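Undergrad: Okay, predicted coordinates and the sequence, questions at the end:
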Amino acid sequence: MRNNNNHASQWQPATVTIHGGKRRDEHGALVAPLYQTATFSFETTAQGSARFAGEQEGYIYSRLGNPTVNELEVRVAQLEGYAAGAASATGMGAVSAAMLAFLEQGDHVVVADAIYGCSFALFSHLFAKFGISVDFVDMTDANNVAAAMRSNTKMVFIETPANPHLKVIDIAAVAAIAERYQARVIVDNTFMTPLLQRPREQGAHLVIHSATKYLNGHGDVVAGLICGSAEDIELIKMTTLKDMGATMSPHDAWLILRGLKTLDVRMERHCRNAMQVADYLVGHKKVRRVYFPGLPDHPAQQLMGTQMHGYGAVIAFELQGDQATAQRMLDRLQLITIAVSLGDAETLIQHPASMTHSPYTPEARAKAGISDTLVRISVGLEAVDDILRDLEQAIGFAYSASDPAKPAEQQGEPLAYG
Ligand SMILES: *Cc1c(COP(=O)(O)O)cnc(C)c1O
């Protein structure tokens, strides 16, 4: 149960990703053992009742707590600078558990207008069923937050940078307003990771992650994490996690612990590759517009060095032409994979109008600025020259194809990557 975290406060984040929350193992195992067990035995009835009463430290049942999962919770909490962490089955499990633990009928929530699609669905449809009202506001101007706050506003939900246009929000400015109403500020930090942004330093009370993305980084787990004060995390664990039940499996925690060890080197390469891809796209004459926090005219520049310590590796761009042009380009890619999600070693690309944002009506898409030629790319860890070469041939092909209806396979030999 004891976590060897005495020195974590003095460590650099790169060290915490490897050593934070490490448990002392009786056999001296270097790597966190995988406690793949549903339950834990008690030596006596007295021990069992003492654990249930909270009078004795120790594990009871894996939905309530598990040593492998606990090591991950402590490590990510240390990275984010909070006292405690709670692991969940998915990123959406983290969003719903963290929000619903503090909300009840009649409460009001202020939410950034550009957020992950399922968070939007949760807040706009499910919350209404339980009498929780929500206002979506453009938080790039903090005045909009001030105007939306009410006496019953309990939480303010921020995602920055946000899908798909990489809009950034000044967390400190929003948190200062929320404080006047004693509302909790919760930040979805998935796109940045604690290595590039630690919202606690800007006044956030809770941080959530889709650990599916960069924290795990290897595309083989769907998982979430919540970080906050010891009291807040205890409440979440004992209510919305324990009783609604979207807790993390030990095996997923074990994989994420493995993935986390390389977070620092991965983020460095992700960011470097993405900057080069963004520069390439900006210089391409068939690219109408590029959305990336690293570009000189992006508002993110004002938050660099204070709130943000890197630009991340998600880029959106608009091609010239129409939806068919964009789809022709994507279908022609050979190295870059057509898939939603982000933060993996593989560079992933998707077409929001026909994929993540296809449930929107055309009018709603237009209002949200999601054009038919908008493309989102999560830049991976491959050699950047290979990523650039694949984009070059695919964009070139999209405009050279004389007959758009003709399938890509018939338009020439695919390039070989070796
Ligand atoms: C993927 C994602 C989520 C949801 O996480 P899951 O692990 O898929 O449930 C939430 N927020 C952001 C920003 C995401 O990218």
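TA: Alright, I've got the coordinates. Numbers count the residues shown, from 1 in each chain.

Undergrad: if I look at residue 325, how far off is residue 395?
TA: Residue 325 sits 9 Å away from residue 395, taking CB to CB, to the nearest Å as the criterion. C-beta here means a position set from N, CA and C on the backbone, and glycine is covered the same way.

Undergrad: can you give me how far stretch 366-376 is from the chain middle?
TA: In this view, stretch 366-376 has its centroid 21 Å away from the chain centroid, taken as CA atoms, centre = their mean, to the nearest Å.

Undergrad: do stretch 127-138 as well
TA: Its chain's average C-alpha position is 22 Å from that of stretch 127-138, according to CA atoms, centre = their mean.

Undergrad: who touches it?
TA: By CB atoms under 8 Å, 6 or more residues apart in numbering, the residues outside stretch 127-138 that reach it are 103-113, 120, 123-124, 144-145, 147-148.

Undergrad: what is in contact with residue 325 and residue 395 at once?
TA: Residues touching both residue 325 and residue 395 (CB under 8 Å, 6+ apart): residue 319.

Undergrad: Which one's more surrounded, those two?
TA: More neighbours surround residue 395 than the other of residue 325 and residue 395, with 25 against 18 (other CB atoms under 10 Å).

Undergrad: Output the contacting helices and strands for whichever strand or helix holds that one.
TA: In this assignment (DSSP states H and E), residue 395 forms part of helix 384-400. Applying 3 or more CB pairs under 8 Å, 6 or more residues apart in numbering; DSSP states H and E, one finds that helix 384-400 contacts helix 263-282, helix 323-332.

Undergrad: Point out the one among these that comes closest to the ligand.
TA: Minimum separation from the ligand across the helices and strands packed on helix 384-400 (CB to the nearest ligand atom) falls at helix 263-282, 14.3 Å.

Undergrad: Let me see the mean pLDDT of that closest one.
TA: The pLDDT scores in helix 263-282 average 98.

Undergrad: next SSE after the helix or strand of the chain with the lowest mean pLDDT?
TA: One helix or strand of the chain scores below all others by mean pLDDT, DSSP states H and E: helix 362-367, with a mean of 84. Sequence-wise, the next helix or strand downstream of helix 362-367 (DSSP H and E) is strand 374-378.

Undergrad: what helices or strands is that next one leaning on?
TA: Contacts defined by 3+ CB pairs under 8 Å, 6+ apart place strand 374-378 against strand 314-319, helix 323-332, strand 348-350.

Undergrad: measure the residue of the chain found nearest the ligand to residue 218 for me?
TA: Across the chain, the shortest distance to the ligand (CB to the nearest ligand atom) belongs to residue 91, at 2.1 Å. As judged by CB to CB, residue 91 and residue 218 stand 16 Å apart.

Undergrad: Neighbour count: these two, which is higher?
TA: Each of residue 91 and residue 218 has its neighbours counted (other CB under 10 Å); residue 91 has more, 24 against 15.

Undergrad: per-residue confidence for residue 8?
TA: Residue 8 is given a pLDDT of 73.

Undergrad: so who does it touch?
TA: Contacts of residue 8 (CB under 8 Å, 6+ apart): 16, 19-21, 78.

Undergrad: Put the buried members of the contacts of stretch 127-138 into a PyMOL selection.
TA: Buried residues among the contacts of stretch 127-138 (16 or more other CB atoms under 10 Å), as a PyMOL selection:
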select buried, resi 103+107+108+109+110+111+112+113+120+123+144+145+148
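
Undergrad: Next step: the contacts of stretch 127-138 restricted to strands.
TA: Among the contacts of stretch 127-138, the members found in strands (DSSP state E) are 108-112.

Undergrad: In JSON lines, list these along with distance to the ligand and pLDDT.
TA: What follows is the ones in strands among the contacts of stretch 127-138, written out as JSON lines (distance: CB to the nearest ligand atom, whole Å; pLDDT from 0 to 100):
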{"residue": "108", "distance to the ligand": "22", "pLDDT": "98"}
{"residue": "109", "distance to the ligand": "16", "pLDDT": "98"}
{"residue": "110", "distance to the ligand": "18", "pLDDT": "98"}
{"residue": "111", "distance to the ligand": "13", "pLDDT": "97"}
{"residue": "112", "distance to the ligand": "11", "pLDDT": "95"}
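
Undergrad: got a markdown table for the residues you listed, with distance to residue 229 too?
TA: What follows is the ones in strands among the contacts of stretch 127-138, written out as a markdown table (distance: CB to CB, whole Å):
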| residue | distance to residue 229 |
| --- | --- |
| 108 | 22 |
| 109 | 19 |
| 110 | 21 |
| 111 | 22 |
| 112 | 22 |
